[in-house]
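What shape does this take:
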Amino acid sequence: MTPDAVAPDQSTGLTRRQGIALWRQIQHTLEAEIADGRHKPGARLPTEAELSARFAVNRHTVRRAMEELQGRGLVRIEQGRGSFVAEDVVDYRLGPRTRFSENIRAQNREPAGRILRIAEVPAEAGLAEALGIRRGRAVVLVERLALADGRPVVIGTHHFPAARFPQLPELLAQNPSITAALAACGVPDYRRRVTRITARLPTPEEADLLQQSRSRPVLVTEAVNTDPAGAVVDVTQSRYAAGRVQLVVES
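Predicted coordinates for the structure are as follows:
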């Protein structure tokens with residue numbers, strides 16, 4: 001070591017008075033920890049206060065390091081929730097035949113899902129028209145949360161004509177797969193007739209279910225699905241976590 005060299009502080013790992021800004025050293029340290037797997041994708045990082053104590057610096061220095069990591073796409077900062085390691089974005093393909101499990105498995109991820117709510121509701125005018133039934137007729141509403149590798153990516157609200165699918169609630173109570181339930185009801189395949197895509201801020205409940213900030217948008221799709229004969233079997237509204245999903249439209 002030369003006479004002018006300064007050894008790193010053993011407690012913080014930072015080297016002071018060496019010409020490298022402290023925030024830059026903190027950035028490099030956290031970046032290396034993310035790269036070697038100490039902080040997994042989607043994991044919450046220590047708070048500013050915890051990092052300030054660890055590196056013996058003020059919060060402004062930590063904040064500068066985190067902003068740089070966010071700018072490099074390694075970290076996402078959510079107001080009111082904290083900082084998280086950025087996940088790999090799921091390419092979710094929307095085509096004539098879209099199946100969540102197939103989409104997720106094709107990217108070497110593990111799909112999962114759980115039913116949030118099943119209810120029978122009267123069809124309002126717009127929904128009744130889309131389903132091809134009379135206004136006020138019974139509709140089976142199914143709300144489902146879908147996950148990839150344990151991380152929530154989409155909330156789907158499905159609407160089925162109750163007269164055609166009276167056994168659907170019982171089937172879904174046994175198995176949360178909508179594709180399997182429709183097959184058991186005599187619809188072995190179905191296709192999208194149309195999909196509309198918009199974006200908006202999530203409701204508090206949606207943000208909580210998707211484990212994201214209310215200031216981060218969700219991608220919203222409205223789809224109409226038909227059976228091989230062309231009859232409408234389902235009208236679905238899906239809300240995707242925009243930070244984890246990229247919609248890819250296929251012809």
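
Next, count neighbours for R239.
Neighbours of R239 under the rule other Cβ atoms under 10 Å: 23. C-beta: built from backbone N, CA, C; applies to glycine.

residues contacting it?
By Cβ atoms under 8 Å, 6 or more residues apart in numbering, R239 lies in contact with 154-156, 202, 206, 210, 218-220.

For E87, which non-adjacent residue is spatially closest?
P41 (4.3 Å; Cβ to Cβ, 6 or more residues apart in numbering).

isn't the one you found right next to V89, touching?
No. Using Cβ atoms under 8 Å, P41 makes no contact with V89, being 10.5 Å away.

Parallel or antiparallel, list what pairs with the helix or strand bottoming out on mean pLDDT in the chain.
In the chain, no helix or strand scores lower on mean pLDDT, DSSP states H and E than strand 75-78, which sits at a mean of 83. Paired strands of strand 75-78, with direction, are strand 82-85 (antiparallel) (DSSP bridges).

Any buried residues in the partner strand, and which?
For strand 82-85, the neighbour count (16 or more other Cβ atoms under 10 Å) marks 83-85 as buried.

do the same with stretch 23-37
Buried-residue list, stretch 23-37, by 16+ other Cβ under 10 Å: 23, 25-27, 29-31, 34.

Which of those sits closest to A180?
Relative to A180, the closest of these is I34; by Cβ to Cβ it sits at 38.3 Å.

Report the separation between the closest one and L69.
Plainly put, I34 is 8 Å away from L69 if you go by Cβ to Cβ, to the nearest Å.

now the buried residues of strand 82-85 in a markdown table, with pLDDT and distance to R117?
Converted to a markdown table, the buried residues of strand 82-85 look like this (pLDDT from 0 to 100; distance: Cβ to Cβ, whole Å):
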| residue | pLDDT | distance to R117 |
| --- | --- | --- |
| S83 | 91 | 32 |
| F84 | 88 | 28 |
| V85 | 89 | 31 |
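
before we move on, back to that, flag whichever of the buried residues of stretch 23-37 scores worst on pLDDT.
Of all those, I34 carries the smallest pLDDT score, 88.

quick one on the thing from earlier: next, find the distance separating the residue nearest to E87 from R151.
In terms of Cβ to Cβ, P41 sits 8 Å off from R151.

residues shared between the contacts of those two?
E87.

Counting by contacts, list what whichever strand or helix holds A173 packs against.
Assigned by DSSP states H and E, A173 belongs to helix 168-174. Contacts defined by 3 or more Cβ pairs under 8 Å, 6 or more residues apart in numbering; DSSP states H and E place helix 168-174 against strand 111-122, strand 138-148, helix 178-184.

so how far is the last one off the chain centroid?
Pointing back at helix 178-184 there. 24 Å (Cα atoms, centre = their mean, to the nearest Å).

Mind giving me the packing neighbours of that helix?
helix 168-174, strand 232-241.

now the angle from the following helix or strand past it to strand 232-241?
Following helix 178-184 in sequence order, the next helix or strand is strand 191-200 (DSSP H and E). Orientation of strand 191-200 against strand 232-241 (axes from the mean of the first three to the mean of the last three Cα atoms, to 10 degrees) gives an angle of 30 degrees.

Pull the distance from strand 191-200 to the chain's centre.
Averaged over its C-alpha atoms, strand 191-200 has a centre that lies 17 Å from its chain's centre (Cα atoms, centre = their mean).
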